[in-house]
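K.L.:
Okay, here's the prediction I keep looking at, along with the sequence it came from:
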Amino acid sequence: EIGREVAMKKIVLAVLAAGLLVAAPASSKNITVDISAAGFVPANISVQTGDTVTWTNKDQANHQVVCAQCPFTSNVLKPGETAQFRFTKAGKFQTVDPLGKNKNTRGNVTVTAAPANVTVSAAPRAVNYGSAATVSGTLSTGQTGQKVDILAQTCGDNNAKVVTTVVTTTNGAFTYRAQPTQMTTY
C-alpha cells in the first residue's frame, strides 16, 4: 500500500496553463504635433498612457518643448528636427516652447489611463510533483509598481482563487514562482 502511494505521487503532473488573462495588449499610438510660427498644432491633444507624442519643428526658427510636470525638456529643435516623449502617467500636462515668440507656444496633453491588458506565460508549462515553474508576464501599460493578482485553479475546484499579488517591475514585467502540489492551472 505504501509503495502504491509513492508511485502515484510520481505520476501526478501539475499543468500550468499559459492563458491570456485579458485581451491581447493594446498597441500604443504615436501622435504628431507640429511646431510652427503659429505655435503647437494641434495645441490640445488627448492620448492614453503608453502613447508617444512626437513634436516636429516645421518652422524656420529654433524651438523647444518643455513639460515641467512630465518632466521632459527636449533639445533645441532646429527646423525639421523632432522630439518624442512617452506618457506613462494619467493627468493633464502643459507643454511650452520657451523659444516661441507668441502666446500660442503653449499646448496641453490630456493623458487618460489605457485599459490594462496582461499577457502571461509559464516555463516550464508542465512540472512533476514537487517541482516549480515560473509564471511571468507583462502589463501592457508598461508601468512599474502596479499590482497583478495571480489566480490558481486546482483540479476539482470550480473557480480560480487569488494565490498571491505581485508588483510589476521595469516595463510592467512580473514573475511568480509556482510550486503546485496537484494539477493546477494559473
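P.N.:
Yes, it's here. Numbers count the residues shown, from 1 in each chain.

K.L.:
What's the per-residue pLDDT of the residue lying closest to Gln179 once chain neighbours are set aside here?
P.N.:
Residue nearest to Gln179 in three dimensions, not counting chain neighbours: Ala132, with 4.3 Å by Cβ to Cβ, 6 or more residues apart in numbering. All C-beta atoms are positioned from the backbone trio N, CA, C, and that covers glycine. We have a pLDDT of 89 for Ala132.

K.L.:
and what of Val167?
P.N.:
92.

K.L.:
wait, is Asn171 part of a strand?
P.N.:
No - using DSSP: H, G, I helix; E, B strand; the rest coil, the assignment for Asn171 is helix, not a strand.

K.L.:
shouldn't it be in contact with Gly137?
P.N.:
No - using Cβ atoms under 8 Å, Asn171 is not in contact with Gly137, being 11.3 Å away.

K.L.:
out of the two, which sits in the more crowded spot?
P.N.:
Taking other Cβ atoms under 10 Å, Asn171 and Gly137 do not tie; Gly137 has more neighbours (21 against 11).

K.L.:
what about the more buried one, distance to Gly100?
P.N.:
44 Å (Cβ to Cβ, to the nearest Å).

K.L.:
One more: Phe93?
P.N.:
Using Cβ to Cβ, Phe93 is found at 17 Å from Gly100.

K.L.:
All the helices of the chain, in order from the start?
P.N.:
Using DSSP state H, the helices of the chain run over residues 2-11.

K.L.:
quick one: contacts for the residue nearest to Gln179?
P.N.:
Arg177, Ala178, Gln179 (Cβ atoms under 8 Å, 6 or more residues apart in numbering).

K.L.:
are any of the residues you listed buried, and which?
P.N.:
Buried by 16 or more other Cβ atoms under 10 Å: Ala178, out of these.

K.L.:
So which of the contacts of Ala132 sit within strands?
P.N.:
Arg177, Ala178 (DSSP state E).

K.L.:
Output the contacts of Ala132 in a markdown table, with distance to Gln153 appended to each entry.
P.N.:
Conversion of the contacts of Ala132 to a markdown table gives the following (distance: Cβ to Cβ, whole Å):
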| residue | distance to Gln153 |
| --- | --- |
| Arg177 | 18 |
| Ala178 | 12 |
| Gln179 | 16 |
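
K.L.:
between the contacts of Ala132, which is nearest Cys155?
P.N.:
Taking Cβ to Cβ as the measure, Cys155 sits nearest to Ala178 out of the contacts of Ala132, at 14.5 Å.

K.L.:
bridging residues for the closest one?
P.N.:
Residues in a beta bridge with Ala178, per DSSP bridges, are Ala133.

K.L.:
per-residue pLDDT, it?
P.N.:
89.

K.L.:
now swap in the one 4 residues further on and tell me
P.N.:
With respect to pLDDT, Gln182 scores 82.
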